[in-house]
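Engineer: need a 3D model of the sequence below.
(chains A and B)
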2 protein chains.
Amino acid sequence: MTTLARLLDLAALPTAEIPASARTMARFSLFDWMVCGRAGVGEPLAGILRDYVAAEGGRPVASIFGGGQAPARAAALVNGATSHALDYDDTHFGHVGHLSVGIYPAALAVAEEVGASAAAVADAFLIGAEASVRLGMVLGSVHYNRGFHQTATAGAFGATIAAGRLYGLTRDQMRAALGLCATRASGLKSQFGTMGKPYNAGISAANGVECAGLARAGFTSADDGVMGPQGFVATHSDAPSVAGVWDAPPPGTFVFEAIKYKLHACCHGTHAMIEALAASKRGHNVTVERVAAIHLRTSPRWLSVCDIKAPRTGLEVKFSYNWLAGMVLSGIATSADRTYTDALAADPALATFASKITVTGDATVSDMQAMGEVVLSDGTVLPFVHDLAVPLTTDVLERSLRAKATGLLGAEADQLWQVVAHQDALSASDLGKWLMAG
Amino acid sequence: MTTLARLLDLAALPTAEIPASARTMARFSLFDWMVCGRAGVGEPLAGILRDYVAAEGGRPVASIFGGGQAPARAAALVNGATSHALDYDDTHFGHVGHLSVGIYPAALAVAEEVGASAAAVADAFLIGAEASVRLGMVLGSVHYNRGFHQTATAGAFGATIAAGRLYGLTRDQMRAALGLCATRASGLKSQFGTMGKPYNAGISAANGVECAGLARAGFTSADDGVMGPQGFVATHSDAPSVAGVWDAPPPGTFVFEAIKYKLHACCHGTHAMIEALAASKRGHNVTVERVAAIHLRTSPRWLSVCDIKAPRTGLEVKFSYNWLAGMVLSGIATSADRTYTDALAADPALATFASKITVTGDATVSDMQAMGEVVLSDGTVLPFVHDLAVPLTTDVLERSLRAKATGLLGAEADQLWQVVAHQDALSASDLGKWLMAG
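Structural biologist: Numbering: from 1, shown residues only, chains lettered A, B, ... in the order given. As a prediction, the model looks like this:
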């Protein structure tokens, strides 16, 4: 069976056959995506794009993060970029890229346009995301290493499928939509560090809406624009890999389920320690006052990255085990970007506590792990260990994502969680109202 | 000097320094582009796109071929695709691609939006087209051979520069616009033979408008998205060529000036004969009634392509020296697609005349040439020769393009010529009215 046929089969997968475990993760992604989008509305690029589509005007059928409505394609462009503005959204390491920001905006915008349910949004995203990861695996690491940004390239095909599913495309129309996407998809990594990076997520979503919409209206395209001669894969990857891509994982699950979430707005090398100390706080009521010392063992590679002993700025705090340990045990939200102020770097209590932390490089500790001991004032030694590679339980994931959301959005976070948790009773328009709120 | 700096210098070239010879050709291209666009309005893809942007709605600032107005980006999308629908527009063999259809729609739409003059439209197109050809030369034939469609890829950079010039971008804004274009540009040749091919021209134009518009509003991008690491050229060409690209042609002229126009709606292999016989008709009053025989010598490669002795359909007439010779001498327009009906293939007068034509392969004749003799009934022998590689004089070019236009549009052609010929007195909006007419 060809890759195109696999994609078309996936696009048409009956809702009843979608794995429940994947749906659960798709809903976590929906929550996290809406949180990132709401948190991104104040970024300059988000404002520029809102103004751009407002100046264009058009039929207000789809909601925009930060307020206003626009045609579906335009809303997808703004929402993709806005939700990727903080670079705090989900990541899939098989893909390799960000899934929610390139696909959810397309799914939600089209769902609002056609009057679909909120559940249909999550399912369409999920189908699109699964297709996007599989195509990302076909394109392979050579595609990414050459300079293409999978979030935008493979992402656009996922966005096309999500949009196409909600538009109710026939199999032939979906094939045309994917063919059009092949000639429309783009996105380069050389944009990293500029507004061009979040723009790429918007490009992905907008391309998906446009290609699905044109195919719906009867536009024709190459028979197999994805895998055919001079198609997208042939032109964009020097070493595509088809073998095995459709075998894993076991039947009944989606590769999408390996999706990862960023939970702390600081250097990735500190996240395992943060999780470990947060568990000590929860499990053993470890507080700043009770601690005599903390001995952390971490991968030696992190010592040159995030072991700043006396940070001078908020940015440097993001790279300081010593400061972050005190923040966790003091209950200061590590999930909120706005936490990391220069004043925090000058906090005398955190400075005092920082002197109790020792950090040692240990080659037996992976770069996803943290190990060590908390020594309490009464002499009790509490060993800790955390491995980011181990999937989180849904309980822990919910708590973590909600904590992240609260750090970013305050009280709005709990309201938003209730919306996503009860989405089966809601329409896509109900979700849209939350994008515009505030 | 870097390629980026060259492009930015070109984008900012003072109007007074634009070569007059290039301006002349840019105006021929404007006429030909408007003719192709007007002739394409009835194609199904044009109707789908008009309906798509009409459904989106939005501020009506830019005119659309076939009627209606839309935001500049949307109008550029429709007009690019519509004008390329018949695949009858101009071609540049250095580029390699179609220039007008990917750049004029961006220039005109933005010019209408900002209230620029018609002359500014042609100049902005010209600057963009020159940049596009140069960048096409940098990307090289490997880019085209890999499967990329220069009309859309290099074309988008030209469209960005044309739009950016009309938006009045600063040098830094233009650099950002080109950086955004690097992550936005796309287009594959595997779309050929489908609506995806003209869509590529629309993609080019729409991307140019959007990237220039976002840069104007303050969007940032990679410092050198064109030539930098993992920039557009590095990711889209395995053998880019910078050396010499900016040397030729002689100072004071533009490489754009080598632009070629399609003048007949039939196989390219027949065009040299058509031009030769048309010259015989004009110069020696050769008519069907006066001819005893025509002996044509052509490149042997064409014998298997366009030497159908007794065409059965209108499509086969396009590949028949024998039929086309009679059409030229009878005054039947070879320039109009609608000429080539099945009834024409059954025309008894043409069938009788066809028997007077002999066609011989001659390896000394290039595939751009036609040679031979017309033998009149009174025994007079009139040798003929035509070489498509020889540039046409402006007189001949004007006559040829106007004949093509008349074949496509009838009486509207002369009105349109007057508009373009007197554009110095007109605004971009005046040109826009002609797109919508009819």
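Engineer: so for stretch A:238-247, what gets flagged as buried?
Structural biologist: Of all the residues in stretch A:238-247, those buried under the rule 16 or more other C-beta atoms under 10 Å in any protein chain shown are A:Pro240, A:Val245, A:Trp246. For every residue, glycine as well, the C-beta is placed using N, CA and C.
Engineer: now the end-to-end length of it.
Structural biologist: Stretch A:238-247 stretches 22 Å from its first residue to its last (C-alpha to C-alpha, to the nearest Å).
Engineer: what average pLDDT does that stretch get?
Structural biologist: For stretch A:238-247, mean pLDDT rounds to 88.
Engineer: re earlier: for chain B, state which of the buried residues of stretch A:238-247 is nearest.
Structural biologist: A:Pro240 (13.3 Å; C-beta to the nearest C-beta).
Engineer: so how far is B:Gly244 from that closest one?
Structural biologist: A:Pro240 sits 34 Å away from B:Gly244, going by C-beta to C-beta, to the nearest Å.
Engineer: what sits against A:Pro198?
Structural biologist: Residues near A:Pro198 by C-beta atoms under 8 Å, 6 or more residues apart in numbering or on different chains: A:Gly40, A:Glu43, A:Leu45, A:Gly80, A:Ala81, A:Thr82, A:His84, A:Ala85, A:Asp87, A:Val101.
Engineer: mind checking which helix or strand the residue nearest to the first one when sequence neighbours are not counted is in?
Structural biologist: Looking back up the chat, that one is A:Gly40. Excluding its sequence neighbours, the residue lying closest to A:Gly40 (C-beta to C-beta, 6 or more residues apart in numbering or on different chains) is A:Ala85, at 3.7 Å. In the assignment (DSSP states H and E), A:Ala85 maps to no helix and no strand.
Engineer: what mean pLDDT does the helix or strand harbouring A:Glu373 get?
Structural biologist: If you go by DSSP H and E, A:Glu373 is part of strand A:369-376. Strand A:369-376 carries an average pLDDT of 97.
Engineer: and the contacts of that strand?
Structural biologist: Outside strand A:369-376, the residues that touch it by C-beta under 8 Å, 6+ apart are A:272-273, A:275-277, A:280, A:284, A:286, A:290-299, A:362, A:365, A:381-389.
Engineer: near chain B too, which of those?
Structural biologist: By C-beta under 8 Å from any C-beta of the partner chain, no member of the contacts of strand A:369-376 lies near chain B.
Engineer: now list the buried members of the residues you listed.
Structural biologist: A:272-273, A:275-277, A:280, A:286, A:291, A:294-299, A:365, A:384, A:386, A:388.
Engineer: so who does A:Pro71 touch?
Structural biologist: Counting by C-beta under 8 Å, 6+ apart, A:Pro71 touches A:Gly58, A:Arg59, A:Pro60, A:Val61, A:Ala62, B:Ala55, B:Glu56, B:Gly57, B:Gly58.
Engineer: between these, which is nearest B:Ala345?
Structural biologist: B:Ala55 (40.8 Å; C-beta to C-beta).
Engineer: report the central residue of chain A.
Structural biologist: Against the mean C-alpha coordinate of chain A, by C-alpha atoms, centre = their mean, the closest residue is A:Asp90 at 1.7 Å.
Engineer: what number of residues lie near A:Arg59?
Structural biologist: For A:Arg59, the count of nearby residues is 16 (other C-beta atoms under 10 Å in any protein chain shown).
Engineer: repeat that for the one 10 residues further on.
Structural biologist: Using other C-beta under 10 Å, the number of residues around A:Gln69 comes to 22.
Engineer: who does it form a beta bridge with?
Structural biologist: Beta-bridge partners for A:Gln69, by DSSP bridges, are A:Ser63.
Engineer: who touches it in this structure?
Structural biologist: In this structure, A:Gln69 makes contact with A:Pro60, A:Val61, A:Ala62, A:Ser63, A:Ala75, A:Gly432, A:Met436, judged by C-beta under 8 Å, 6+ apart.
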